[in-house]
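> Dropping a prediction and its sequence here:
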Amino acid sequence: MSFQQGLSGLDASSAALDVIGNNVANASTVGFKSGSAHFADLYAASLGIVGASQVGIGVDVAAIQQQFTQGNVTTTNNPLDLAINGGGFFRVSNAGDITYTRNGQFHLDKEGYVINDQNLRLTGNTATNGVISSNLGELQLSTSQIAPVATSTIDGNLNLDARLAVGESYSTALPVFDSLGESHILTTSYVRQTLSPSTWLVSATLDNATPSGSRSYTSTLTFDSSGQLDPLETTLSGLSWTPTNGAAPLAPSINFEGTTQYGSESAVNSLKQDGYTTGSLVGIGVGSDGKLSGRYSNGQTQELGQVVLATFANPNGLLNLGNNQWSLSSVSGPELLAAPGTGGRGVIQSSAVEDSNVDLTNELVDMITAQRNYQANAQTIKTQDAIMQTLLNLR
């Protein structure tokens, strides 16, 4: 008599219950991937015994495989909570020791590094002065102010009232910035000079002509009978004022392309300039391509880095370290890094996390099945024991 089959069945059922119990315990663990026990039958190797005569000696746990299926995505209020919708892993660093995770619950530490709850730093392509490089490193978001930029170009799209008589005028004002980020008021005035051809004298002054060395700059705009601007007169250049605060001379050009002269009230359709004052970081956003953007108090945005995702030829070959982390192994193959949304990688969803992919309903059904298997295997041992007892009782 052999108790081997029943004992192996008890061990296998116990292993299955362990896996199911672990799945159920992690039903609320962000980024958790459920496991499943795989079994294989056992046969004794013996010479001269053909297959039809072999009796199995039980079952063995062949492998415990993790299921890397997509979990549900739940929204949060933290912009650095990141969910991967599709394939790939976040790459995190512990003083250069690289591991991988699907748990995207990130936040900033006191040094500005993007870290998870285990203080592991998220890695990606770093950025310098708003330009993302190809350098791979730990993502650190600078909280320092961005430098001001002096106004160099002004785009003015206006309509000048064709009904105005010679000598009548229209004016508008726009804040501009010098190299130190100080704001100045640039005023442009438009005075009707002639009716046919229709010409307007344009003058530009800064801060009511108070800066050192300031003066009024003039030019002419000419319109045809359809109210369209002469294409040779779309730009007012040569402007230069020297602010009294020690900033570099302010020398913007004004582009009037698109300006018209129609028989309706003079109005500004759009008036934009490319300068800005210094700004402090007030918010962070993450795009679906993994690019981290900072929003600043001066209305500007600047790229701060880009998350990269790792994929593997065999993700089931990764070594599970716990704490929602995996590491490379000889079976998984090397990491393959690229931006989210490329090469079959998923996209990033900000202010969201990926839930555990455990299906509690299935797990509870599997638990019942494993329990029944355990009971049935225990019954085979009990039956074997009864048979042996019968033999011992023979006289």
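Yes, it's here.
> Can you pull the phi and psi angles for residue 315?
Residue 315 adopts backbone torsions of phi -60, psi -30, taken as degrees, to the nearest 10.
> What's the local residue count around it?
Counted with other Cβ atoms under 10 Å, the neighbours of residue 315 add up to 18. In this view, the C-beta of every residue, glycine as well, is placed from N, C-alpha and C.
> contacting residues for the residue most central in space within the chain?
Centre of the chain computed as the mean C-alpha position; nearest residue by Cα atoms, centre = their mean is residue 290, 3.0 Å away. When contacts are counted by Cβ atoms under 8 Å, 6 or more residues apart in numbering, residue 290 touches 124, 306-309, 339-341, 348.
> ok, for it, nearest residue in space, not its chain neighbours?
Counting by Cβ to Cβ, 6 or more residues apart in numbering, residue 307 is the residue found nearest to residue 290 once chain neighbours are left out, at 3.5 Å.
> try residue 291
Distance criterion Cβ to Cβ, 6+ apart; nearest residue to residue 291, sequence neighbours excluded, is residue 306 at 4.8 Å.
> what's near enough to touch residue 368?
Under the criterion of Cβ under 8 Å, 6+ apart, residue 368 has no neighbours.
> which SS state does it fall under?
The local conformation at residue 368, judged by DSSP: H, G, I helix; E, B strand; the rest coil, is helix.
> And for residue 166?
Here residue 166 takes the coil state, with states given by three-state DSSP.
> I'd assumed residue 193 was in contact with it.
Yes - with contacts defined as Cβ atoms under 8 Å, residue 166 counts as touching residue 193 at a distance of 6.6 Å.
> Between these two, which has more neighbouring residues?
Applying other Cβ under 10 Å to residue 166 and residue 193 shows that residue 193 carries more neighbours, namely 15 against 11.
> Distance of that one relative to residue 171?
Distance, residue 193 to residue 171, using Cβ to Cβ, to the nearest Å: 15 Å.
> Flag the shaky bits of the stretch 101-250 of the chain, pLDDT-wise.
In the prediction, the stretch 101-250 of the chain carries no residues with pLDDT under 70.
> residues touching the residue lying closest to residue 150 once chain neighbours are set aside, list them.
Among residues not flanking residue 150 along the chain, residue 179 sits closest, at 4.3 Å (Cβ to Cβ, 6+ apart). Taking Cβ under 8 Å, 6+ apart as the definition of contact, the neighbours of residue 179 are 148, 150, 247-248, 250.
> can you do 7 Å?
Applying Cβ atoms under 7 Å, 6 or more residues apart in numbering, one finds that residue 179 lies in contact with 148, 150, 247-248.
> Reformat these as CSV; add secondary structure.
Written out in CSV, the entries for these read as follows (three-state DSSP):
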residue, secondary structure
148, coil
150, coil
247, coil
248, coil
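> Any figure for the gap between residue 368 and residue 374?
When residue 368 is compared with residue 374 (using Cβ to Cβ), they lie 11 Å apart.
> my bad, should have said residue 321
Taking Cβ to Cβ as the measure, residue 321 and residue 374 are separated by 30 Å.
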